[in-house]
Each structure stands twice: as C-alpha cells, then as structure tokens.
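> Give me a 3D structure for the following:
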Amino acid sequence: AEVEVEAAVPGEVFKTASGRAKLVDDITELHTFLRTRLLELDSSDFVAVTHDDAPAALQNESKSSVEKHLATVAKCLALVNTPTTSQLIMLRSSRRFRERLVTSLEQRLKNAEKLTACIGDCQRKREDLAKQIAETQPKLAVLIETTRTVQRSTEKIMTEQYKGRRVNVVGDINTVLGES
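Presented below is the predicted three-dimensional model:
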C-alpha cells in the first residue's frame with residue numbers, strides 16, 4: 001500500500017491550527033514509530049516485522065541509520081514546539097498579535113528615545129556642575145582664607161582684651177577650616 005502525500009506549498013501547513021496540529025501529530029507518530037523500530041532492532045526476542053516481510057525501505061535500515069533518523073525527527077519535533085516557532089506562527093497568522101507586537105515595539109522605541117534624551121540631559125547637567133565647581137573653587141579658597149584671617153584677628157583681639165591670656169576660637173569653624 002502506498003502512502004498518499006498531500007502536496008502543499010511550504011509553510012502553508014502553518015496557516016491553520018488544524019494544519020499545525022496535523023503536522024505535530026505526524027511528527028510525533030513518526031518519532032514513536034522510529035523509537036519502536038529501534039527497540040525492535042535492539043531486541044532479539046521480539047521482531048514485529050521479519051526481515052523478509054518488511055518493506056524494501058525498512059529492509060535496508062540499520063540500527064545506526066534508524067538512530068540518525070530518530071535524532072533528526074526529535075530535533076524537528078523540538079523545533080516545532082519551541083516558543084519562538086509559536087511566536088512566528090502567531091506573527092504570521094494573527095493580525096491582533098502583530099498589532100500588539102507593533103504597539104509594544106513602538107512603546108519600547110519611545111522609551112529608548114526618552115532614555116537617550118535623559119542621558120544627554122544628565123551629561124549636560126554634569127558638565128554644567130563641573131563648570132560651576134571649577135568657577136566656585138577660587139571663590140571658596142578666598143572665603144576660607146578670609147575666614148582664617150578673621151579667626152586669627154579675633155583671637156588676637158580677644159587675647160589683648162584678656163591681658164595676654166591666649167584665646168582660641170573653637171567649634172565648627174575649625175572643622176570647616178580644617179577640611180580645606
């Protein structure tokens with residue numbers, strides 16, 4: 001008996017859910033058949049199809065060739081069942097899925113553009129702050145030196161008022177002046 005093979009355009013089977021289900025069922029059936037055939041070749045006790053009764057295609061198959069076919073079919077089955085394949089099928093067959101994907105990608109693009117603009121703003125602010133720091137450093141140095149001079153003068157005047165007893169100004173002013 002000959003097996004009838006449906007002529008189909010490559011990829012057409014994925015257009016309908018029934019076509020996809022039939023493809024998965026056929027690959028699963030082939031996988032099961034090859035596993036069973038491999039077990040039969042391994043077993044000397046049980047052979048469902050004797051060598052003479054088998055179709056010509058099966059008579060020439062060795063254990064290693066059946067193992068290769070089984071590995072290939074397993075890869076095909078795994079490939080058909082991957083999430084990526086499901087997404088590609090949905091992308092091709094569902095207009096709503098495509099619209100949601102386009103909306104999602106557009107939103108990501110807008111977010112990326114906003115973040116790029118924020119990065120630019122942050123870099124400009126950093127440059128402005130660095131410029132302000134550079135401009136204020138000399139002014140700060142002058143203020144610190146002036147504060148030291150005022151502190152020394154105050155200590156000197158207070159020492160004179162207390163008849164030569166040494167007066168030291170203590171507190172936060174020394175902390176601020178000590179840090180610079």
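> Please give the element, helix or strand, for the residue most central in space within the chain.
The centroid of the chain falls nearest to Arg108 when counting by C-alpha atoms, centre = their mean (13.8 Å). Assigned by DSSP states H and E, Arg108 belongs to helix 95-161.
> by contact count, what packs against that helix?
helix 83-93, helix 172-179 (3 or more C-beta pairs under 8 Å, 6 or more residues apart in numbering; DSSP states H and E). (C-beta placed from N, C-alpha, C; glycine too.)
> would a markdown table of those with mean pLDDT be doable?
As requested, the helices and strands packed on helix 95-161 are exported to a markdown table (pLDDT from 0 to 100):
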| stretch | mean pLDDT |
| --- | --- |
| helix 83-93 | 85 |
| helix 172-179 | 76 |
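> one step back: can you state the direction angle for the helix holding Arg108 and helix 172-179?
Using axes from the mean of the first three to the mean of the last three C-alpha atoms, to 10 degrees, the direction of helix 95-161 lies 110 degrees away from that of helix 172-179.
> tell me the most buried of the helices and strands packed on helix 95-161?
When the helices and strands packed on helix 95-161 are scored by mean count of other C-beta atoms under 10 Å, the highest mean neighbour count falls to helix 83-93 (a mean of 12).
> Same list (the helices and strands packed on helix 95-161) but as JSON lines, adding distance to Ile119.
What follows is the helices and strands packed on helix 95-161, written out as JSON lines (distance: least, C-beta to C-beta, whole Å):
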{"stretch": "helix 83-93", "distance to Ile119": "31"}
{"stretch": "helix 172-179", "distance to Ile119": "33"}
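> Show me how far the helix holding Arg108 is from its chain's centre.
32 Å (C-alpha atoms, centre = their mean, to the nearest Å).
> Could you check the angle it makes with helix 83-93?
Using the same axes, to 10 degrees: helix 95-161 against helix 83-93 is 120 degrees.
> just to revisit the earlier point, the residue nearest to the centre of the chain and Cys122: what is the separation?
For Arg108, the distance to Cys122 equals 21 Å [C-beta to C-beta, to the nearest Å].
> Repeat that for Phe33.
As judged by C-beta to C-beta, Phe33 and Cys122 stand 63 Å apart.
> With neighbour numbers in mind, choose between those two.
Phe33 (14 against 10; other C-beta atoms under 10 Å).
> Who are the packing partners of the strand or helix carrying that one?
Phe33 belongs to helix 17-42 when assigned by DSSP H and E. When contacts are defined as 3+ C-beta pairs under 8 Å, 6+ apart, helix 17-42 sits against helix 63-80.
> Specify which residues of the protein, grouped into ranges, have pLDDT under the cut-off.
1-11, 13-14, 44-60, 180 (pLDDT under 70).
> tell me the SS of the residue sitting furthest away from the middle of it?
Relative to the centre of the chain, and counting by C-alpha atoms, centre = their mean, the farthest-placed residue is Lys163 at 77.4 Å. Assigned with DSSP: H, G, I helix; E, B strand; the rest coil, Lys163 falls in the coil class.
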